[in-house]
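*Asks:* Prediction below, plus the sequence it came from.
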Amino acid sequence: MNTTIINIDPEIMSGAPVFRGTRVMIQTLFDHLENGKTLDDFLEGFPSVTKENALAVLELAKSIITSEKKLSLVSEDFN
């Protein structure tokens, strides 16, 4: 998995994770999807983000959520 698609820099969007080479926050992708928008809707609104990069971020999130080892670390925080 190529994680260089995400950039975290205090000088860009106050350090919020963004798609590398843009000022589009990763959170914006998840907000769009959470609000019932499609991936195509997101890409239309943010043409500086490629479909490949958006899908890679989603795949990265999926791999983190579905990893038992990583998930157990997260779930411990909520107990």
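*Replies:* Nice, I can see it. Numbering: from 1, shown residues only.

*Asks:* Ranking helices and strands of this structure by mean pLDDT, which lands last?
*Replies:* helix 68-77 (a mean of 56; mean pLDDT, DSSP states H and E).

*Asks:* quick one: the helices in the protein?
*Replies:* Assigned by DSSP state H, the chain shows helices spanning 26-34, 39-45, 51-66, 68-77.

*Asks:* what's the shortest one packed up against?
*Replies:* In this structure, helix 39-45 packs against helix 26-34, helix 51-66, with contacts taken as 3 or more C-beta pairs under 8 Å, 6 or more residues apart in numbering; DSSP states H and E. Every residue, glycine included, has its C-beta placed from N, CA and C.

*Asks:* cool, and the third one?
*Replies:* Using 3+ C-beta pairs under 8 Å, 6+ apart as the contact criterion, the secondary-structure elements in contact with helix 51-66 are strand 18-19, helix 26-34, helix 39-45, helix 68-77.
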